[in-house]
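K.L.:
Need a 3D model of the following:
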Amino acid sequence: MRRLGSAWRLGALLLDREGRPWRTGLSTRVAEPGRPQHLSSSAEERRALRAAALRGGFAMGETVNHGVAPIAVDGSLVGGDGPLRIVGGEARVHWGTDAPVPLERYLDDLGDLLLHPPQGA
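P.N.:
The predicted model follows:
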């Protein structure tokens, strides 16, 4: 595993220092991976990613996004099926199973969560 750069996580998207969007991948916090415990395959995959991040020189506690990909900001967004797309001439973000929402509303919602986090968050 190697560092590609730093990014700000915006839910379904990553935004790099130059303002370019990236598709998120698997996210993990760097920690001692521990020993295999023959748990679920997803738990073992996360353990392996933590080990790879340590070997790659990432700092303990750092968040690492693995399997990311740049999103081309071009005509391929029109009618696309990625997390960022153009629908009816409007930029929209698709996250999870919800219908794509307008980018402006999506960013407003994220900003509101940062300013007013749910109790206990």
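K.L.:
Show me where the protein has its helices.
P.N.:
In the chain, the helices defined using DSSP state H lie at 41-55, 103-115.
K.L.:
Of those helices, flag the one that's most buried.
P.N.:
Of all these, helix 41-55 has the most neighbours on average by mean count of other C-beta atoms under 10 Å, namely a mean of 15. C-beta: built from backbone N, CA, C; applies to glycine.
K.L.:
what does that one contact?
P.N.:
Helix 41-55 is contacted from outside by 1, 26, 28-34, 36-38, 60, 62, 64, 66, using C-beta atoms under 8 Å, 6 or more residues apart in numbering.
K.L.:
now do 7 Å
P.N.:
Residues outside helix 41-55 that contact it (C-beta atoms under 7 Å, 6 or more residues apart in numbering): Met1, Leu26, Thr28, Val30, Ala31, Pro33, Gly34, Pro36, Val64, His66.
K.L.:
Identify the bridge partners of the closest residue in space to Gly5 that isn't next to it in sequence.
P.N.:
The shortest distance from Gly5 to any non-neighbouring residue, by C-beta to C-beta, 6 or more residues apart in numbering, is to Asp16 (5.6 Å). Counting by DSSP bridges, Asp16 is bridged to Ala7.
K.L.:
What's the separation between Asp16 and Met1?
P.N.:
Distance, Asp16 to Met1, by C-beta to C-beta, to the nearest Å: 18 Å.
K.L.:
for Leu39, same thing?
P.N.:
Leu39 sits 21 Å away from Met1, going by C-beta to C-beta.
K.L.:
what about those two, which has more around it?
P.N.:
The neighbour comparison of Leu39 against Met1 (other C-beta atoms under 10 Å) goes to Met1, with 14 against 10.
K.L.:
Let me see the contact set for the more buried one.
P.N.:
For Met1, counting by C-beta under 7 Å, 6+ apart, the contacting residues are Ala52, Ala53, Gly56, His66.
K.L.:
Beta-bridge partners for the last one, please?
P.N.:
This means His66. For His66, the beta-bridge partners under DSSP bridges are Leu26.
K.L.:
could you list every residue that touches it?
P.N.:
Neighbours of His66 in contact, by C-beta under 7 Å, 6+ apart: Met1, Gly25, Leu26, Thr28, Leu49.
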